[in-house]
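Chemist: From the sequence below, what's the structure:
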Amino acid sequence: MPDLRAFARFLSRDPAVADDLVQDTLLRALRNEGQWQPGTSLKAWTFSILRNAWFENRRRAAAHQRALDHVNVEEGIPAGQEYRMEMIGLARAMSGLPRDQQEALVLVGALGFSSEDAARVAGVQVGTLKARVSRARRALAARYDAGIREEVSEPAGSK
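Modeler: Now for the predicted structure:
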């Protein structure tokens, strides 16, 4: 369940919506347990249900759609919270990636899915998913390299 919730939070960007989505996913999985095929990944199956429920809910409730690419950044970060700044930087960099690349990177990189299981969740071929992950990683690396060059080139005290 923690991984389902993490993926739901990635999709919705809202903890309450994520909790509702996980609950809906588990209910759907229980109702349709006969559709799961033994020998296949139960985790990938439930993640597929969650992903499909998310997109179904978005289509059904278009008027309530939230700005998914908006990253809430706090201006002041207390001392000793460097990791938070790094996470904010990562969130900013990821927000500029196409949604399919974000999804692939979260499934494989953050949640530890195999490429095969992540492809099943995303509803794409394994090669497509691997390409999305590769492109996302390259784009993030380029953004971080550009950010480091900007910081080095700025005169001291200019921030």
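Chemist: can you tell me the distance between the two ends of stretch 91-104?
Modeler: Using CA to CA, to the nearest Å, one end of stretch 91-104 lies 15 Å from the other.
Chemist: lowest-confidence helix or strand of this protein?
Modeler: When the helices and strands of the chain are scored by mean pLDDT, DSSP states H and E, helix 82-95 comes last with a mean of 70.
Chemist: Skip ahead from it and say which helix or strand is next.
Modeler: Once the chain leaves helix 82-95, the next helix or strand it forms, by DSSP states H and E, is helix 99-105.
Chemist: other SSEs contacting that following helix?
Modeler: If you count contacts as 3 or more CB pairs under 8 Å, 6 or more residues apart in numbering; DSSP states H and E, helix 99-105 packs onto helix 2-12, helix 82-95, helix 115-122, helix 126-153. No exception for glycine: its C-beta is placed from N, CA and C like everyone else's.
Chemist: before we move on, what SS does Gly39 have?
Modeler: Assigned by DSSP: H, G, I helix; E, B strand; the rest coil, the conformation of Gly39 is coil.
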